[in-house]
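# pasting the sequence and the predicted model now:
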Amino acid sequence: MFRVKILSKCAFRRKIRSRLVLGIETSCDETGAAVMDETGLILGESLHSQKEVHLKTGGIIPTVAQRLHRENIGRVVQEAMERSGVTQSQLSAVATTVKPGLALSLGIGLDFSLNFVKLHQKPFIPIHHMEAHALTVRMLQPVVFPFLVLLVSGGHSLLALARGIDDFLLLGQTLDEAPGDTMDKVARRLSLIKHPKCSMISGGQAIELLAQDGDRLKFLFKPPMGAHYDCNFSFAGLRNQVTMSIQKKEEEEGVEQGTLLSCVNDIAAATQHTVASHIAKRTHRAILFCKAKGLLPSCNPTLVVSGGVASNQYIRKTLKIVTDNTGLHLLCPPSKFCTDNGVMIAWNGVERLREGKGILSHTEEVNYEPKAPLGVDITAEVKEAAIKLPPLKLRIMD
Ligand code: KG4
Ligand code: ZN
């Protein structure tokens, strides 16, 4: 079980003695801020989500995201500070996401942070968003390096080995889109926003909800990349297959695009299963590769799963089959910490502060980077190893 540490009155004295970090996140569609002490205690946090706005427009419009970050960042940071009871002068550093992400969104967080550190004369810690996702689990329990990480969300899809707070080996990543993005697009194509149960939730959540009452065997989609013995992902081909099936059904039922089909549950179930088994197979191969190369510890080897898609219970159960079969320990932080927030950035700042890594007293050279790979790319080596998977039934009993 995870234990989330939140501020209590008796922690107040400890809070003052410890170094404190303000974390700021604006890389995509969440404006987040949090104040944390060196032990990982969350002193105060605030989060403004733009998801509802983007749901209505059918996707993120970067200029809209930028405007919403600009409108909210001052309030969100102020709220986190007020809730923490900490003054600016008590902060030891400010940590902010500078890569990767949407340029216009990253720019707002970085400009705000650079002004803030200049005004209050604080050190600045630039944060890699994916590193922050990968390390969040260590805020909740002591997971030692090295461990395997699977990050799956609307913007990311990758497998990496975490060897240290700034030391990652990239084993595989998506060649086209991320699984959350695929499920969001399928949900939009199915017009699930018109479904009474799905109007206020993300596409991925809608797919999971509807799949519970669907029969996945009514639609058989070809699993992606079956002949590629690596750990990369691809979801665009699956999306094409789903779109074609939807078109066929619309023709059969004689309805226009935009009408809710009678078979939405079955399509959701088949889509979810194909996404889950693709993710599970790539993860299975990553585990076998790490074992073959002696990259995982023999004692308590761990797979950490994070990102918005990690909150999908069907995907978690599928991954559990893989980790049970390979002797790994599966850790999925609670959904609140799987998705973007200021807390994970503050925690990454704390980890860096503790190790004295990447703490800047001069910020003239700092810039944001929309594209930034995670760690050392060994995807070619993984491909060359061409590990064939032993048969494993990925059948989930609902
Ligand atoms: O991590 P996140 O909040 O934002 C980034 O993309 O960085 O993830 C959001 C994504 C969306 O694509 C959403 O559809 C997906 O995660 N998602 C899910 C579930 N909850 C959120 N996908 C599948 N099942 C879910 N339960
Ligand atoms: Zn993220």
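Perfect, I can see it now. Ligands and ions are numbered 1, 2, ... in the order given.

# give me the neighbour count for Leu220.
If you count neighbours by other CB atoms under 10 Å, Leu220 ends up with 12. For the C-beta atoms, the positions are set from N, CA and C on the backbone; glycine is no exception.

# ok, it touching Thr271?
No - under the criterion of CB atoms under 8 Å, Leu220 is not in contact with Thr271, lying 11.5 Å apart.

# for the chain, what spans make up the helices?
Counting by DSSP state H, one finds helices in the chain at the ranges 12-17, 51-57, 62-84, 103-120, 129-135, 137-140, 179-189, 203-211, 236-253, 264-292, 313-326, 335-338, 342-355, 379-385.

# now those helices in JSON lines, with mean neighbour count, mean pLDDT and distance to Val149?
Formatted as JSON lines, the entries for these read as follows, by neighbours: other CB atoms under 10 Å; pLDDT from 0 to 100; distance: least, CB to CB, whole Å:
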{"stretch": "helix 12-17", "mean neighbour count": "12", "mean pLDDT": "53", "distance to Val149": "30"}
{"stretch": "helix 51-57", "mean neighbour count": "14", "mean pLDDT": "85", "distance to Val149": "24"}
{"stretch": "helix 62-84", "mean neighbour count": "18", "mean pLDDT": "96", "distance to Val149": "26"}
{"stretch": "helix 103-120", "mean neighbour count": "19", "mean pLDDT": "97", "distance to Val149": "22"}
{"stretch": "helix 129-135", "mean neighbour count": "27", "mean pLDDT": "96", "distance to Val149": "4"}
{"stretch": "helix 137-140", "mean neighbour count": "22", "mean pLDDT": "96", "distance to Val149": "8"}
{"stretch": "helix 179-189", "mean neighbour count": "24", "mean pLDDT": "96", "distance to Val149": "15"}
{"stretch": "helix 203-211", "mean neighbour count": "23", "mean pLDDT": "97", "distance to Val149": "19"}
{"stretch": "helix 236-253", "mean neighbour count": "15", "mean pLDDT": "96", "distance to Val149": "23"}
{"stretch": "helix 264-292", "mean neighbour count": "23", "mean pLDDT": "98", "distance to Val149": "10"}
{"stretch": "helix 313-326", "mean neighbour count": "19", "mean pLDDT": "97", "distance to Val149": "12"}
{"stretch": "helix 335-338", "mean neighbour count": "16", "mean pLDDT": "90", "distance to Val149": "12"}
{"stretch": "helix 342-355", "mean neighbour count": "26", "mean pLDDT": "98", "distance to Val149": "13"}
{"stretch": "helix 379-385", "mean neighbour count": "15", "mean pLDDT": "98", "distance to Val149": "15"}
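
# pipe these into JSON lines and attach distance to ligand 1 per row.
As requested, the helices of the chain are arranged in JSON lines below (distance: least, CB to the nearest ligand atom, whole Å):
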{"stretch": "helix 12-17", "distance to ligand 1": "29"}
{"stretch": "helix 51-57", "distance to ligand 1": "8"}
{"stretch": "helix 62-84", "distance to ligand 1": "12"}
{"stretch": "helix 103-120", "distance to ligand 1": "11"}
{"stretch": "helix 129-135", "distance to ligand 1": "8"}
{"stretch": "helix 137-140", "distance to ligand 1": "14"}
{"stretch": "helix 179-189", "distance to ligand 1": "2"}
{"stretch": "helix 203-211", "distance to ligand 1": "2"}
{"stretch": "helix 236-253", "distance to ligand 1": "13"}
{"stretch": "helix 264-292", "distance to ligand 1": "8"}
{"stretch": "helix 313-326", "distance to ligand 1": "7"}
{"stretch": "helix 335-338", "distance to ligand 1": "6"}
{"stretch": "helix 342-355", "distance to ligand 1": "10"}
{"stretch": "helix 379-385", "distance to ligand 1": "21"}
